[in-house]
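Colleague: dropping a prediction and its sequence here:
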Amino acid sequence: MKVIYSDQHVGHDPQQFIVRGRMKRSNEQPERGTLLLDAARRQGHEILAPEDFGPGPRAAIHTPQYLRFLETAWERWQRLEGASEEVLPNVHPFPGQPFTYPDSLVGQAGYHMGDMACSIGRHTWHAATWSAHVATQAAQLVLDGERAAYALCRPPGHHAYADRANGFTYLNNAAIAAQHLRQRHDRVAILDIDVHHGNGTQGIFWRRRDVLTISLHADPHFCTPFFTGHAHEAGEGEGLGYNLNLPLARGTRDEGFLAALATATATVRAYAPGALVVALGLDAHEHDPYQMLAVSTPGFGRILGEIARLGLPTVLVQEGGYLSEDLGPNLASALGGFEGAA
């Protein structure tokens, strides 16, 4: 399997992450990319650099207003008196109430940044755009005839909405890949196996029927993002019935995850898409720092093997999976499981 990777992410190293009221360095660190790349290399995969696809792929998913904000926010923030090194919001619009888009950058940060886990630094925009190019390149390889390709994206993307950053993410790489695949395929499915609900992806395709969205994740009754990811969320309008959430109990192990995955793969087969995007989170692992679910390292091979048996052209897009000695072996198990069953 060809692996797409760009080292343009390394300057993005967020230092401001609020956890239970305390500031810490983000869990989404450059070292993640190094560990994942080393694992792919050891497994013998061909590593390719992405082309610059320009603004088109991201503009097909994200609003112009949001893209302008992301591109200019850090430089504008530095002109504010007493500003921190990174952009971090301190106020948000109240849901369900009418409001006016603010002229103030502080207000815009609250509008376009959904939580305190997506600070914007000097190199964030550059890293996010190249992460999107990585996903687009993998999708293009699949359009060009590859059975599957792995996009080693950093920063990740599945929490990013059309107009809002969220949870370590800025541009929604899985959504961008799916939209790129739509050039040839009438229907595309996204299957998200990250430990956290793919809330941004769900939001982007909430009213669409041409992209089926499925997410297996830790139950939001106890796990972020809390407000979305519940089983009753099924889409609206033309998208009603084209969103499926499969929340899992705390500590779910391999067999429980695979049982839920069987429901997901049956749904994909019924939808009969032309191609598949897998939002490949590795943070459901039993030793991941989040420790919400308890999938084993061999379990990722079994999970990806079941996904490969769908027999679809597939783009694997890296999402979560945080620093531990198991991160590289988890990726190797996942890619090996997919290739062994394809």
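Modeller: Right, received. Where do you want to start?
Colleague: where do the helices sit along the chain?
Modeller: 30-42, 56-59, 64-78, 105-112, 124-143, 173-181, 199-204, 254-271, 297-308, 327-341 (DSSP state H).
Colleague: who are the packing partners of the second one?
Modeller: Packing contacts for helix 56-59, counted by 3 or more C-beta pairs under 8 Å, 6 or more residues apart in numbering; DSSP states H and E, involve helix 124-143, helix 173-181. For every residue, glycine as well, the C-beta is placed using N, CA and C.
Colleague: just the CA coordinates for the shortest one, please, in CSV.
Modeller: The C-alpha trace of helix 173-181 is given here as CSV (Å, rounded to 0.1, in the frame of the first residue of the first chain):
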residue,chain,number,x,y,z
ASN,A,173,-9.3,15.5,5.7
ALA,A,174,-11.7,12.6,5.5
ALA,A,175,-14.5,14.8,4.1
ILE,A,176,-12.0,16.4,1.7
ALA,A,177,-11.0,12.9,0.5
ALA,A,178,-14.6,11.8,0.2
GLN,A,179,-15.6,14.9,-1.8
HIS,A,180,-12.6,14.3,-4.1
LEU,A,181,-13.8,10.7,-4.7
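Colleague: which outside residues touch that helix?
Modeller: Applying C-beta atoms under 8 Å, 6 or more residues apart in numbering, the contact partners of helix 173-181 are 57-58, 60-61, 131-132, 134-136, 138-140, 142-143, 151, 153, 156-158, 188, 190, 192, 198, 200-201, 204-205, 211, 274-275, 277, 279, 313, 315, 317, 319.
Colleague: if we use 6 Å, what do you get?
Modeller: Contacts to helix 173-181, defined as C-beta atoms under 6 Å, 6 or more residues apart in numbering, come from residues 57, 60-61, 131-132, 135-136, 139, 153, 157-158, 188, 190, 201, 204, 211, 275, 277, 279, 315, 317.
Colleague: just the buried residues from the residues you listed, in PyMOL please.
Modeller: Only the buried entries of the contacts of helix 173-181 go into this PyMOL selection, using 16 or more other C-beta atoms under 10 Å:
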select buried, resi 57+61+131+132+135+136+139+153+157+158+188+190+201+204+211+275+277+279+315+317
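Colleague: ok, Gly301 - contacts?
Modeller: Ser333, Gly336, Gly337.
Colleague: out of the helices of the chain, deepest packed?
Modeller: For the helices of the chain, average neighbour numbers computed from mean count of other C-beta atoms under 10 Å are highest in helix 173-181, which has a mean of 31.
Colleague: and the angle for that one with helix 124-143?
Modeller: Put simply, helix 173-181 runs at 40 degrees to helix 124-143, going by axes from the mean of the first three to the mean of the last three C-alpha atoms, to 10 degrees.
Colleague: how far does helix 173-181 sit from the chain's center?
Modeller: Relative to its chain's centre, helix 173-181 lies at 11 Å (C-alpha atoms, centre = their mean, to the nearest Å).
Colleague: please renumber the chain so that the first residue is 23 from this point on.
Modeller: Yes, from this point I'll number from 23; that puts the last item at helix 195-203.
Colleague: what average pLDDT does it get?
Modeller: Averaged across helix 195-203, pLDDT comes to 99.
Colleague: do the same with stretch 278-298
Modeller: Per-residue scores along stretch 278-298 average to 98.
Colleague: before we move on, back to that, what's the closest of the helices and strands packed on helix 78-81 to Leu280?
Modeller: Proximity to Leu280, assessed across the helices and strands packed on helix 78-81 by C-beta to C-beta, is greatest for helix 195-203 (21.6 Å).
Colleague: can you redo the helices and strands packed on helix 78-81 as a markdown table with distance to Ile69?
Modeller: Converted to a markdown table, the helices and strands packed on helix 78-81 look like this (distance: least, C-beta to C-beta, whole Å):
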| stretch | distance to Ile69 |
| --- | --- |
| helix 146-165 | 11 |
| helix 195-203 | 18 |
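Colleague: ok so, going back, got TSV for the helices of the chain, with distance to His31 too?
Modeller: Putting those into TSV (distance: least, C-beta to C-beta, whole Å) gives the following:
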stretch	distance to His31
helix 52-64	6
helix 78-81	15
helix 86-100	15
helix 127-134	21
helix 146-165	4
helix 195-203	12
helix 221-226	19
helix 276-293	28
helix 319-330	23
helix 349-363	16
